[in-house]
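Participant: Just need the structure, nothing else, for what follows:
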Amino acid sequence: MPTKNYTYQKQIKTNQLFFIKMLPQSSPSILINDVEVKPRQIKILLFEKEESIKNLVYQQLKLFKTFTFKLVSVTSENEFKRQLKKVKPNLIISEYSLENTIGKEALTFCAMIYPEIPFLFIIDSLGKKTELEYLNAGATDFLLKENTNKLPPIIFKALRQSEEKNTLKNLKQKKWEESQRFKTLTEFSNTPVLVYNLKGIIQYVSPAITQVLGYSVQEFLGTNVEDYNHPEDLEQRRSIFKNLKKNRERFAKIEEERLLHKKGHYIWVRAVISDARLKPGIEGFISSFIDITNRKIKSEALESTIDLLKEQNKRMLNFSYIVSHNLRSHASNIESITGFLETTDDEMEKKEMLTHLKNVSKSLNNTLYNLNEVVSIQSKTTLKVENIKLVPYIKNILSSMKNLIKSTNAVIQMEIPKNTKVYYNKGYLESILQNILLNSIKYKHPDRTPVISISSLEIQNFFILSITDNGIGIDLNKNGNKLFGMYKTFHGNKDALGIGLFMSKNQVEAMGGKIEVESTFGQSTTFKIFIKR
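Facilitator: Numbering: from 1, shown residues only. Coordinates of the predicted model:
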């Protein structure tokens, strides 16, 4: 069984280690519980008039040979105030007189100057005063004069409590300072900064949110950060946020996402999210973002220009092939005919060769005309566009084709809203529609009455005009790559020139649109004209 003395000595050693960690270093290393540590100095201010009490206190302190105590003794209130500021002790011990208020006034003064210093009272007896009354007066603890042998554990207790209070106070101060520093940094920045919790609820937002998204700080606080994301961007943000919450990453970048402006439109932003849950004064996720809308628009415009240049280069290369092939073919025919004319004396053969020469010349003239039309389309940088009421415009084109429609018994179905309008070049639109409608009738199925359906659809950036027929269709696997080629024919029609769809495609693309085809061989064909809105 451990004796009382053994338990007391063990507590003394434990408290000694606490002191050594807490107070300033002053003397060489010593061993406590087989641990080498540096002893520290404890500064004590003693406010006591009785010499006997001073001696008792001093004798108790001398028992701790492993510590250096600096004991400063004062007997007057003025001296107490002076030494308090000069020494700034770790502990104050003062008498508490029932006859006067000296001790209590010392406590009050100390609380104003150094409230963190523990204050012990030495009293004659409890008398009518209770322990609670002494503590309510602001004392850390008290000790009866007859029990001065208990001074060491009371000192240890007082200093430990003081250290705990100071630690908590410092943590609160640090948290407050961090919070103020964070707010100072964010509130004078042009970049919006948000702090939100695990559920995405916004707990702080900097004033820059008004400049960038139009909302006031009060409007933004308490809402969920996902409320402002574009639906198409939510999956990206949720995935990133999930990784942050699971501590897989400390911060993450979102290169591009869209946020809802107060006026109802979306802006493009680049965002950074950081996990600051353990950061004093923040304790959440920090997100900041910059508006990159103008940069995004310029980037898309640049990409569009690059795509246009690539397409124009592709057309130019294709055009050069066409010119080279067709002119070389005509030149070769002319050379052959003139060579034959030089070698023959037969008048009938000469006459026949001249007829061939006229045909080749006519064909060459047509080729040059068509090539000139293509150059004209591709070289125009600006085209006159007009507001065209589509339904009466199409009816007018159909009226010019009424003899052909009547002779083939073709049925025309129009499914376009009555007041539909498009902005387009009238000449181009007429040429495009005539080419496609003529093809629909020309390549009708021999076993059924031709039915042509004209319909429309509006999507994000385009108005789509569709023309569907029930004709012989096109084998796209076989002929899809040459469908819009110049002088490309694939139905075996002797009247086909292979120029109509080529011209139509160039005209559609010159207007910033595109043309697509869907077809099932032997059943139907649909041409879709994309008109840029």
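
Participant: In contact with residue 83, which residues?
Facilitator: By Cβ atoms under 8 Å, 6 or more residues apart in numbering, the residues touching residue 83 are 45, 72, 74. For every residue, glycine as well, the C-beta is placed using N, CA and C.

Participant: For the closest residue to residue 225 other than its chain neighbours, grab the count of nearby residues.
Facilitator: Among residues not flanking residue 225 along the chain, residue 200 sits closest, at 4.6 Å (Cβ to Cβ, 6 or more residues apart in numbering). Using other Cβ atoms under 10 Å, residue 200 has 17 neighbouring residues.

Participant: Check the burial of the residue nearest to residue 473 when sequence neighbours are not counted by counting its neighbours.
Facilitator: Nearest residue to residue 473, sequence neighbours excluded (Cβ to Cβ, 6+ apart): residue 521, at 4.4 Å. Neighbour count of residue 521, defined by other Cβ under 10 Å: 14.

Participant: Check whether residue 521 really touches residue 474, as I assumed.
Facilitator: Yes - if you go by Cβ atoms under 8 Å, residue 521 and residue 474 touch, sitting 6.5 Å apart.

Participant: which residues of the stretch 151-300 of the chain fall in strands?
Facilitator: Using DSSP state E, counting those that start in this stretch, the strands of the stretch 151-300 of the chain run over 193-196, 202-205, 251-260, 266-276, 284-291.

Participant: Using JSON lines, lay out those together with distance to residue 410, mean pLDDT and mean neighbour count.
Facilitator: Below are the strands of the stretch 151-300 of the chain laid out as JSON lines (distance: least, Cβ to Cβ, whole Å; pLDDT from 0 to 100; neighbours: other Cβ atoms under 10 Å):
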{"stretch": "strand 193-196", "distance to residue 410": "63", "mean pLDDT": "88", "mean neighbour count": "22"}
{"stretch": "strand 202-205", "distance to residue 410": "63", "mean pLDDT": "89", "mean neighbour count": "20"}
{"stretch": "strand 251-260", "distance to residue 410": "48", "mean pLDDT": "91", "mean neighbour count": "16"}
{"stretch": "strand 266-276", "distance to residue 410": "47", "mean pLDDT": "91", "mean neighbour count": "19"}
{"stretch": "strand 284-291", "distance to residue 410": "55", "mean pLDDT": "89", "mean neighbour count": "20"}
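
Participant: now these as JSON lines including distance to residue 359?
Facilitator: As requested, the strands of the stretch 151-300 of the chain are exported to JSON lines (distance: least, Cβ to Cβ, whole Å):
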{"stretch": "strand 193-196", "distance to residue 359": "78"}
{"stretch": "strand 202-205", "distance to residue 359": "80"}
{"stretch": "strand 251-260", "distance to residue 359": "61"}
{"stretch": "strand 266-276", "distance to residue 359": "61"}
{"stretch": "strand 284-291", "distance to residue 359": "66"}
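
Participant: circling back to that earlier point, OK, contacts around the residue nearest to residue 225?
Facilitator: 224, 225, 226, 241.

Participant: what's the spacing between the third one and residue 525?
Facilitator: Right, the one you point to is residue 226. 46 Å (Cβ to Cβ, to the nearest Å).

Participant: higher neighbour count, the two?
Facilitator: residue 525 (22 against 15).

Participant: The residue nearest to the more buried one when sequence neighbours are not counted sits in which helix or strand?
Facilitator: Nearest residue to residue 525, sequence neighbours excluded (Cβ to Cβ, 6+ apart): residue 519, at 4.2 Å. Assigned by DSSP states H and E, residue 519 belongs to strand 514-520.

Participant: what's the very next helix or strand once past that strand packed up against?
Facilitator: Following strand 514-520 in sequence order, the next helix or strand is strand 524-532 (DSSP H and E). When contacts are defined as 3 or more Cβ pairs under 8 Å, 6 or more residues apart in numbering; DSSP states H and E, strand 524-532 sits against helix 426-442, strand 462-469, strand 514-520.

Participant: Walk me through which strands strand 524-532 pairs with, and which way each runs.
Facilitator: strand 462-469 (antiparallel), strand 514-520 (antiparallel) (DSSP bridges).
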